[in-house]
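Colleague: here is a sequence with its predicted model. Questions after.
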Amino acid sequence: MRKFGLIGYPLGHSFSKKYFTEKFLNSGIDDCIYENYQIDSIDKLLSLINTEKPDGLNVTIPFKSAVIRFLDRIDPEAAMIGAVNVIKIRREGERSILSGYNSDITGILDTLMPFSGLIPKSALVLGTGGGSRAVCHVLRKMGFGYSVVSRKPGEHYLSYNDLTGSLLHETGLIINTTPLGMYPDTGSKPPLDYDLLNGSQVMFDLVYNPEITAFLNEGRRRGCTVLTGLTMLYSQAERSWQIWNDPDL
């Protein structure tokens with residue numbers, strides 16, 4: 001039996017186990033299982049691998065960057081971003097060889113490409129974590145200019161107070177990469193002045209549970225186009241499956 005799973009903390013928001021369990025059932029894959037491995041410290045990773053002996057893992061918050069120090073190999077794009085959400089595990093005798101990848105890149109691209117030529121090539125990226133770095137990498141590949149917005153002012157970040165009406169009106173795309181709005185804290189949202197939106201923006205939330213977050217609902221109420229995190233979820237999950245099963249990776 002091949003074993004796969006998700007590591008992170010907490011995991012109450014995750015759809016990954018349901019997704020892969022249904023995929024295995026619908027595809028007649030009866031030699032694979034997928035489990036949630038909720039660990040409160042990344043230092044428990046190697047013990048988990050030695051005990052459970054998974055063939056591959058997905059990685060979610062807050063470990064996408066912290067997991068890198070445990071890897072034997074990292075894909076160049078994941079290294080450039082500084083975030084890993086897929087681990088492929090091979091075994092040489094008693095030793096586990098861990099290779100890291102970032103399937104969020106594929107998920108973000110698949111979500112945004114249909115809008116590439118329809119909106120101004122300017123974006124605001126809310127948040128500074130691993131998801132934010134993956135988004136910024138994709139935006140560069142797509143030719144977007146962007147600014148990163150943080151609650152903590154910094155040399156390379158805008159603050160939410162910097163987001164004036166004129167700036168927002170020039171922006172084609174606003175992406176939430178923070179966990180604000182994720183189940184069970186569904187009422188929270190980035191501290192944007194949503195009344196400054198004029199309906200021309202596309203708003204994308206990496207959070208997928210709930211599907212329509214408080215952030216997206218504020219945009220939808222003002223006429224903005226909203227993109228949920230579900231397309232990204234499904235796309236990055238399928239990319240994970242490809243990575244785990246590609247003998248050349």
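Modeller: In hand now; what should we look at? None of the values given here were measured: they were computed from a predicted structure.

Colleague: which residues touch Gly56?
Modeller: Phe4, Val86, Ile87, Lys88, Ile89, Ser240, Ile243, Trp244 (Cβ atoms under 8 Å, 6 or more residues apart in numbering). In short, each C-beta sits where N, CA and C put it, glycine included.

Colleague: in the sheet, who's paired with it?
Modeller: As for beta bridges, Gly56 partners with Phe4, Lys88 under DSSP bridges.

Colleague: packing partners for whichever helix or strand Thr106 is part of?
Modeller: Per DSSP states H and E: Thr106 is located in helix 104-112. Judged by 3 or more Cβ pairs under 8 Å, 6 or more residues apart in numbering; DSSP states H and E, helix 104-112 is in contact with helix 130-142, helix 230-245.

Colleague: so which of those gets nearest Thr106?
Modeller: When those are compared by Cβ to Cβ, helix 230-245 sits nearest Thr106, at 4.2 Å.

Colleague: quick one: the strands in this protein, in order.
Modeller: With DSSP state E as the criterion, the chain has strands at 2-8, 32-38, 56-59, 73-74, 86-92, 95-101, 122-126, 145-149, 173-176, 202-205, 225-227.

Colleague: how about CSV for the ones you listed, with mean pLDDT and distance to Gly165 added?
Modeller: Formatted as CSV, the strands of the chain follow (pLDDT from 0 to 100; distance: least, Cβ to Cβ, whole Å):
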stretch, mean pLDDT, distance to Gly165
strand 2-8, 97, 37
strand 32-38, 97, 42
strand 56-59, 97, 38
strand 73-74, 98, 42
strand 86-92, 96, 40
strand 95-101, 97, 40
strand 122-126, 98, 13
strand 145-149, 97, 15
strand 173-176, 98, 13
strand 202-205, 98, 16
strand 225-227, 97, 19
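
Colleague: redo these as TSV? Include distance to Phe24.
Modeller: TSV is the format used below for the strands of the chain (distance: least, Cβ to Cβ, whole Å):
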stretch	distance to Phe24
strand 2-8	9
strand 32-38	5
strand 56-59	13
strand 73-74	27
strand 86-92	17
strand 95-101	21
strand 122-126	34
strand 145-149	38
strand 173-176	31
strand 202-205	28
strand 225-227	28
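
Colleague: among those, which is nearest Glu218?
Modeller: Proximity of those to Glu218 was assessed by Cβ to Cβ; the nearest stretch is strand 202-205, lying at 8.3 Å.

Colleague: ok now the closest one, how far from the chain's centre?
Modeller: Going by Cα atoms, centre = their mean, to the nearest Å, the spacing between the C-alpha centre of strand 202-205 and its chain's C-alpha centre is 14 Å.
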